[in-house]
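Peer 1: Can you look at this prediction? I've put the sequence above it.
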Amino acid sequence: MTWTESDVLKALETVRDPEVPVLSVLDLGIIRGVDIQGKAVTVKVTPTYSGCPALELIERNVAEALRDKGMQDVTIERVLSPAWSTDWISEEGRRKLKEFGIAPPVGNADDELVLIGTKAAPNIPCPFCDSLATERRSQFGATACKALYYCQACHQPFEYFKPH
Amino acid sequence: MATSNNAALFDFLLRLGDDQLVLGQRLAEWCGHGPILEEDIALANISLDLFGHAQAVLNLAGEMEGQGRDADKLAYFREAIEFKNCLLVEQPRGDFAYTIARQIVFSLRAYLLWDELTKSSNETLAGIAGKAKKESRYHVTHASEWVLRLGDGTADSHARLQNALDEVWRFTKDLFATDAIEQQLADQKIIPNLGGLYGKWLTMLQELITKATLRMPDPGMFMQLGGRTGKHTEHLGHMLSELQILPRSYPDARW
């Protein structure tokens, strides 16, 4: 049996980000290409963050999901360039993040971000009540990709997926 | 004897990678000791980013060396004298003001350096730099906010941060120390010329320090050198003994 790219992508829909389980690796935008040569399947994966401990697990889960579909000859290739960006999170992914209680990134990763702490960071809407009366408690949350916020309107702490 | 380009790049990558590794370890020491929970988490996150950079850079260094050493071998099985990190990163973590002073001095340079290295003709290095640049931007923002908050805060926080800045300043010449190896890599167009880095860094830092109501340290003070050639302060060996004890006691341990 020969495989098509859509077989591979369909299998990858079931692979979740272990830290943000509502997102599939496709929603996250870390699958950078699929190459099929006869029976051999190569999937290119890019890390979200250099030190992300979930990366190895994700790569293993990708390979496992494809083997479950009967693809025996699977290679995972790690690509660094171009560097992953939150701009690659799909619309579907952003919707799922918000539903899960994580505010999706606001603006593009290439926007002029604050470097030296002198410019105001953008207002981040609360994922629960959409209020803009939110404040950042810490730039770093439970994982490197998220910041900690607090909503003054509904008094709910929440995480914000940082533009990156 | 002329150094081959691969050997020169190996040396350069050790400097780059060891800086990340050693500072990553120092920041990890804050885990469970941060002044507030959010800060504990932030410093551990930054530490993790730095370990990620160290792993990528040292793996590439191992490839350049061509002796079959990977990042783990380089991290765990070298002696202090073989480490090429700058002296700044190996100093004990001190109080929170010291850590913040070091963070702003180091991460601002790191950000500017990664930005330059995205232009490297070595594609892997350029790829690592592209990723690391985005991450170190957050490290700069984090440190700069604390510089403003502590500098323009209470009399105690102001005094502590000023002392800390004066303390770390004597290691800044070592941080920017350059030599024939870097020159060779720039001449061969493997990395860009890094000569402009110091000026940019100083201007940005000066602006921040002034805004934080602090004063720039005395530029004429004694400057300690040696990190890039393996002449370290006593602190590195102690730190490495903790970092390396497990793989040295149980080589090839897996879990």
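Peer 2: Now that the structure is in, tell me what you want to look at.
Peer 1: Which pLDDT value does the model give residue 101?
Peer 2: Defaulting to chain A. If you check residue A:101, the pLDDT there is 94.
Peer 1: oops, I was thinking of chain B
Peer 2: Value for residue B:101, per-residue pLDDT: 98.
Peer 1: And the residue nearest to residue B:197 when sequence neighbours are not counted, what's its pLDDT?
Peer 2: Counting by Cβ to Cβ, 6 or more residues apart in numbering or on different chains, residue B:112 is the residue found nearest to residue B:197 once chain neighbours are left out, at 5.5 Å. For every residue, glycine as well, the C-beta is placed using N, CA and C. With respect to pLDDT, residue B:112 scores 97.
Peer 1: Now do the helix or strand containing residue B:239: everything it contacts.
Peer 2: Assigned by DSSP states H and E, residue B:239 belongs to helix B:234-249. Helix B:234-249 is contacted by residues B:22, B:25-26, B:72, B:75-77, B:79-80, B:83, B:85, B:90-92, B:253 when judged by Cβ atoms under 8 Å, 6 or more residues apart in numbering or on different chains.
Peer 1: Number of residues surrounding residue B:64?
Peer 2: When neighbours are counted by other Cβ atoms under 10 Å in any protein chain shown, residue B:64 registers 22.
Peer 1: Next up, the contacts around it.
Peer 2: Applying Cβ under 8 Å, 6+ apart, we find residue B:64 in contact with B:6-7, B:9-10, B:13.
Peer 1: Check residue B:91 too.
Peer 2: So residue B:91 contacts B:26, B:98, B:102, B:168, B:171, B:233, B:235 (Cβ under 8 Å, 6+ apart).
Peer 1: show me where chain B has helices.
Peer 2: B:5-28, B:37-65, B:71-76, B:87-90, B:96-117, B:123-151, B:155-169, B:172-175, B:180-187, B:197-211, B:234-249 (DSSP state H).
Peer 1: Could you check what's spatially nearest to residue A:104, not counting adjacent residues?
Peer 2: residue A:94 (4.0 Å).
Peer 1: okay, now that neighbour: neighbour count?
Peer 2: Neighbour tally, residue A:94, other Cβ under 10 Å: 18.
Peer 1: cool, and residue B:243?
Peer 2: 18.
Peer 1: contacting residues for the spatially closest residue to residue B:29 that is not a sequence neighbour?
Peer 2: Spatial nearest neighbour of residue B:29, excluding adjacent residues (Cβ to Cβ, 6+ apart): residue B:93 at 5.2 Å. By Cβ under 8 Å, 6+ apart, residue B:93 lies in contact with B:26-27, B:29-30, B:99.
Peer 1: Drop anything exposed from the residues you listed.
Peer 2: B:26-27, B:30, B:99 (16 or more other Cβ atoms under 10 Å in any protein chain shown).
Peer 1: about what we covered before: look up how far chain B lies from the residue nearest to residue A:104.
Peer 2: 19 Å (Cβ to the nearest Cβ, to the nearest Å).
Peer 1: The lowest-mean-pLDDT helix or strand in chain A pairs with which strands?
Peer 2: Within chain A, no helix or strand scores below strand A:134-138, which has a mean of 89 by mean pLDDT, DSSP states H and E. Note on strand A:134-138: by DSSP bridges, its sheet partners are strand A:146-151 (antiparallel).
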